[in-house]
Structures are given as C-alpha cells and as structure tokens.
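Novice: A structural model of the following input is requested.
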Amino acid sequence: MKAAVIRGTQNIEIEDIPTPVPRPNQVLVRIKFSALCGSDVHRFQYGMANDGSVLGHEYIGEVVQVGKDVKRFKEGDRVVGGGGTPPGDIVLPTYPNDRYSARTVGIETTRIGGFAEYVAMDEWRPLLIPNGVSDELAVLAEPTSIAVHAVRTSNFKIGDTAVVLGAGPIGLLTMQVLKAAGASSVIVSEPAFARAESARILGADVVLNPVAEDVVERVLELSGGPGVPVAFDAAAAKPTFQQGMEMVWRGGQLLVVSMAWEDVDLRTVDWIGREVEMKAAYGSQPIDWQTGLNLMSRGQLSSESMITPESFISWDDMQSSMERLIKPEEHVQMVLVP
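Specialist: Next up is the predicted model:
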C-alpha cells in the first residue's frame, strides 16, 4: 500500500509499504479521508518524528476486514480512527509520564498512522460514525474532541461571552462547541482573511483582526469594560498568551488549547493584579469524542467553509501541503484522499 513516510526533517516520501494484517482483536480500515493536523505539521517542521514514521491521526474510513475475535464491528462499517475506551489493562501512552512533552517525545518508527491507504486498529480504538453525519464532517471528529475537552475543562458557564484567539480548525471547532454549550456570544480574533471569513460563516458573533486593531481594547469595549470570563488560545502565536490574559476579567481564565513551539510574549505586570488564571487543555478523553459525534449527529457542528473542494489533496501534494501549513494563510483544513 502507499503511505507518506517521514524521511528526515521537513521531508516526506510517498512509498510502498506492506499492508498491515489485522490480529485477531483488530480491524483493518481502508482510509477515505485523513486530515493534516497542526501537530503533524510541527513534527514534520521540527524533526520530532522518527525516520520511517507514518503520521496522521485525524482519519475516517471503512472496515474491510475483522479479526476472528472482533465483536463490535463488521465489514462495511464507517469509523473514525480513535475515541474508543481502552481496556483496563491498557494505559494510553501520554498518561504514565508525569513529565510528558510533545516536543521531546517522538513517534516510534513502527507506527502506521492515517497518511496511508490502510491502518489496523485494536477493536477498542475506533468509533462508529453516526448515520447522517457526512464523511467531510466526521473527519473532524478528533479535533472536535480537543475542542470539547477544552470547553468541558474550562471555567466556561452557560450564558458567558467567550473569546477564541485563532480560527484554525481547533479555534473554529471551539467556537462552535461554545455556541452549542450555550455561550451568549463568541468573539474570534484571526488575522488570516480566509480563516476569519470561515469564522463568520460558522457563526462567530464578532470577528476581530489583530493586525488592524487592538483586540484587547476591542474586547473590553464589547464587554462593557471588565473583560470576558474566559478566553481560549487556539493559536499559540507570539502575542496571543498576553492578549488572552489581558482581556479576561478579574479572576478570569485563559484556557490554552494550542502548543507554542517557540517563545511567546508574556508580561505579568499587566494582569497579575487581577489574579487571572492560565490553564492548559491537552488531548481528549473518550467522553469528548462521543460528545463531539453527538453534536455532529444533532446538526450543531458544521464543516462548511472548513472543508471545501480545495481542501482535498493527493499523494503528490503531501510535501508541498505540509510546507504550506507551517504558515497557513489560505486553507482552514487540508485533507489527504489516499
């Protein structure tokens, strides 16, 4: 089968590798869509994936073979490539390490991710895609679970006004989850035109341009003076940590749902006197995946303007697409069609 294989820093080669053979407790999935995630781009950009790795964790597909011990799935089932609850004797790899760092933990060479034609998964790992949920929306299940986890673990309350800094996939999905959770208003800050326009289409109440205006002053103005109770940093750009801490009210919270791989601006004197809180949200739990799929099934989330005909790429586009996403301007989401 074909796969996009890491061959050094910022280099992907399309290679023929063996098609995995599912074990008795596994399913073999033929991948239909595999989205390019920011964390994949970072590992590509900074050389954090070992040579020979096949990245990709935001994918959907069809079960084409089941092991003899599999009970939950049958051939033809549509599934997302994660979100299941592991058996009690399995510990997910990020959890046992109290000093886990996405920057210092690489991806093992033997792993075959979603940038391939097929992937074999333990029966517990995938989830069924609900009837009525399109493939284009379902491929966003993993980043949706990140957004749900961020909102669920934040101090957000029904009726709050919230700010989302950054309108990439995570930011746009966080905005939609906030709306579904009962936000009275969601303000989005995004400098890239295409992403800002996507935020408008998907229901942002206000969209600010941090290049053209002082977003902190505008948020204070829109809130009537004190600021907002919670802001979500989905950009991890150089100024966004500082902006988020300045725009929340006394005792408010900045929920960081993005990874800054370079130094950011942080000037504590501007906000320490208001005793504001910074909290991080990383990854997701099975409940977050299921909640996201339920929101999709109820029509409360949309892929409109996030995934368009221009989003889909072929094997030949993988290298250039990863390079373009290092500094995304035009596309909200890019999706490999193996």
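Novice: got a list of what L128 touches?
Specialist: Contacts for L128 (C-beta atoms under 8 Å, 6 or more residues apart in numbering) come out as F73, D77, R78, V79. All C-beta atoms are positioned from the backbone trio N, CA, C, and that covers glycine.
Novice: from those, which ones fall inside strands?
Specialist: R78, V79 (DSSP state E).
Novice: So which of the contacts of L128 wins on neighbours?
Specialist: Neighbours here mean other C-beta atoms under 10 Å. Within those, the largest count is held by V79, at 24 neighbours.
Novice: Surely that one is in contact with I60?
Specialist: Yes. The pair formed by V79 and I60 meets the contact definition of C-beta atoms under 8 Å, at 6.8 Å.
Novice: residues near K71, how many?
Specialist: 8.
Novice: pLDDT score for it?
Specialist: Reading off the confidence values, K71 has pLDDT 96.
Novice: And the spatially closest residue to W124 that is not a sequence neighbour, how far from L128?
Specialist: Excluding its sequence neighbours, the residue lying closest to W124 (C-beta to C-beta, 6 or more residues apart in numbering) is G84, at 4.5 Å. Distance of G84 to L128, given as C-beta to C-beta, to the nearest Å: 10 Å.
Novice: Same check on K279?
Specialist: 32 Å.
Novice: OK, contacts around the residue nearest to W124?
Specialist: Counting by C-beta under 8 Å, 6+ apart, G84 touches W124, R125, P126, L127, P286.
Novice: With pLDDT and neighbour count as extra columns, can I get those residues in TSV?
Specialist: Below are the contacts of G84 laid out as TSV (pLDDT from 0 to 100; neighbours: other C-beta atoms under 10 Å):
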residue	pLDDT	neighbour count
W124	95	15
R125	95	20
P126	97	25
L127	98	24
P286	93	15
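Novice: okay, among those residues, which ones form the most distant pair?
Specialist: P126 and P286 (11.5 Å; C-beta to C-beta).
Novice: Give the residues shared as contacts by these two.
Specialist: Residues touching both P126 and P286 (C-beta under 8 Å, 6+ apart) are G83, G84.
Novice: domains of this protein?
Specialist: Residue ranges for the domains of the chain, per automatic domain parsing: 2-139+307-336, 146-280.
Novice: how far out from the middle of the chain is the longest one?
Specialist: Mean C-alpha position of domain 2-139+307-336 versus that of the full chain (C-alpha atoms, centre = their mean, to the nearest Å) differs by 13 Å.
Novice: Endpoints of that domain, how far apart?
Specialist: Length of domain 2-139+307-336, first residue to last, C-alpha to C-alpha, to the nearest Å: 12 Å.
Novice: And the shortest one, by the same measure?
Specialist: Between the opening and closing residues of domain 146-280 lies a distance of 12 Å (C-alpha to C-alpha).
Novice: For the stretch 51-200 of the chain, which segments count as strands?
Specialist: Along the stretch 51-200 of the chain, counting by DSSP state E, counting those that start in this stretch, strands occupy 58-66, 78-80, 118-122, 127-128, 161-165, 185-189.
Novice: so which of these comes closest to T19?
Specialist: Across those, closest to T19 is strand 118-122 (C-beta to C-beta), at 5.3 Å.
Novice: Output the strands of the stretch 51-200 of the chain as a markdown table; include the columns distance to M306.
Specialist: Shown next, in a markdown table, are those (distance: least, C-beta to C-beta, whole Å):
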| stretch | distance to M306 |
| --- | --- |
| strand 58-66 | 12 |
| strand 78-80 | 16 |
| strand 118-122 | 23 |
| strand 127-128 | 20 |
| strand 161-165 | 14 |
| strand 185-189 | 13 |
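Novice: which of those sits most buried?
Specialist: strand 161-165 (a mean of 29; mean count of other C-beta atoms under 10 Å).
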